[in-house]
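[1] let's see this in three dimensions:
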Amino acid sequence: MRQDIFDVIAHAKNDYGMEVSLITSGFAFDEKRLANLEKYNVHTAVSIDETVNLTISSGVHGSYDKAIFAMKKLSEKGLLDCIVTTMTK
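    Residues are numbered from 1 along each chain as shown. Presented below is the predicted three-dimensional model:
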């Protein structure tokens, strides 16, 4: 994630009156970022492309759990816009 993402969001909202949306895997999600998403009222989508079993076998330990955590926290703040996934087969 860009280190200055919330500066960019503030600029878009404050200087141009734009609404801002964000898509995340939830992997880098934490309470500080949640507070900034809430501060700027950024509606956020969470992308889930694996199940618990696939996440474990892919070597990216905990990514599914992090996505679920992000969805719960965003939902509690009224910021969860949607869940994004890819359909296959």
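
[2] ok, Asp7 - how many residues close by?
    The burial metric for Asp7, expressed as a neighbour count using other C-beta atoms under 10 Å, is 10. From N, CA and C alone the C-beta is placed, and that goes for glycine too.

[3] what's the answer for the one 5 residues further on, then?
    Each residue near Ala12 was counted by other C-beta under 10 Å, and the total is 15.

[4] does Leu37 count as helix, strand or coil?
    Reducing the assignment to helix, strand or coil with DSSP: H, G, I helix; E, B strand; the rest coil, the entry for Leu37 is helix.

[5] from Thr88, how far out is it?
    Remark: distance between Leu37 and Thr88 (C-beta to C-beta, to the nearest Å) = 30 Å.

[6] pLDDT on stretch 19-28, on average?
    On average, the pLDDT along stretch 19-28 is 92.

[7] send the alpha carbons of it over as PDB?
    Once side chains and other backbone atoms are set aside, the C-alpha atoms of stretch 19-28 remain, and they are given as PDB (Å, rounded to 0.1, in the frame of the first residue of the first chain):
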ATOM      1  CA  GLU A  19     -16.000  10.200  -3.200                       C
ATOM      2  CA  VAL A  20     -13.300   7.600  -2.700                       C
ATOM      3  CA  SER A  21     -13.600   3.800  -2.700                       C
ATOM      4  CA  LEU A  22     -10.900   1.300  -1.900                       C
ATOM      5  CA  ILE A  23     -10.400  -2.400  -2.600                       C
ATOM      6  CA  THR A  24      -8.200  -4.400  -0.300                       C
ATOM      7  CA  SER A  25      -7.300  -8.100   0.300                       C
ATOM      8  CA  GLY A  26      -7.200  -7.200   4.000                       C
ATOM      9  CA  PHE A  27      -3.700  -8.400   4.300                       C
ATOM     10  CA  ALA A  28      -2.300  -5.000   5.400                       C
END
